[in-house]
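Colleague: Below is the structure, and that's it, no one-letter string:
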């Protein structure tokens, strides 16, 4: 299979108009609110999602024009393989975020813990399920040194 065609199911609306304002992860600006606006034909797919506290958003980095195999993450200047960082400049430009659901109204899901640029095409939504998505004894590679003793790094916003 050489080609995969995907169509956005909606758009993500956020207060972040420029990437420099986005936190490296939504939990670092947890009170910022955004919403997903689904195309009409997908609105019924939100049924029962309001019973979950969190959702996983899968989206397309529509402003990313480069593809890199290595890059420098925001917390340090050392180069790492693209699959060991969360850069948008990756093959297929696919992004993933875990967000906290606030409410759902018709074709819109309002959420916080956003780290996504405004007008980002949404590819899919999945419920975050603690029984499936939480792991024990997790090792986070090169990132662990930045979070020693539960400290949050100073550099939590993209520059």
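Modeller: Great, that's in hand. Just so you know, these numbers come straight off a predicted model, no measurement behind them.

Colleague: what's the nearest residue to the most centrally placed residue in the chain if we skip its chain neighbours?
Modeller: Centroid-nearest residue in the chain: residue 97, 2.3 Å away (criterion: CA atoms, centre = their mean). Once flanking residues are discounted, residue 97 sits nearest to residue 57: 4.9 Å by CB to CB, 6 or more residues apart in numbering. Any C-beta I mention is one placed from the backbone N, CA and C, and that applies to glycine too.

Colleague: Repeat that for residue 68.
Modeller: Nearest non-adjacent residue to residue 68 (CB to CB, 6+ apart): residue 89, at 4.6 Å.

Colleague: quick one, phi/psi of the one you found?
Modeller: phi -90, psi 60 (degrees, to the nearest 10).

Colleague: Over to residue 10?
Modeller: Phi and psi for residue 10, reported as degrees, to the nearest 10, are phi 170, psi -160.

Colleague: Kindly state the beta-bridge partners for it.
Modeller: The partner list for residue 10 in beta bridges (DSSP bridges) reads residue 38, residue 122.

Colleague: My understanding was that it contacts residue 122; is that so?
Modeller: Yes. Here residue 10 reaches residue 122: they are 4.5 Å apart, a contact under CB atoms under 8 Å.

Colleague: Name every strand pairing with the longest strand along the chain and say which way it goes.
Modeller: Secondary structure of the chain per DSSP state E: the longest strand is strand 94-105. The pairing partners recorded for strand 94-105 under DSSP bridges are strand 54-60 (antiparallel), strand 108-112 (antiparallel).

Colleague: Go through these and name the closest to residue 43.
Modeller: Closest to residue 43 of the strands paired with strand 94-105, according to CB to CB: strand 108-112, at 8.6 Å.

Colleague: Please determine how far residue 52 is located from residue 125.
Modeller: 10 Å (CB to CB, to the nearest Å).

Colleague: the more surrounded of the two?
Modeller: Using other CB atoms under 10 Å as the criterion, residue 52 and residue 125 rank with residue 125 on top: 21 against 15.

Colleague: Quick one, grab the pLDDT at the nearest residue to that one once chain neighbours are set aside.
Modeller: With CB to CB, 6+ apart as the measure, residue 55 is the residue that lies nearest to residue 125, at 5.4 Å, once sequence neighbours are left out. As predicted, residue 55 sits at a pLDDT of 97.
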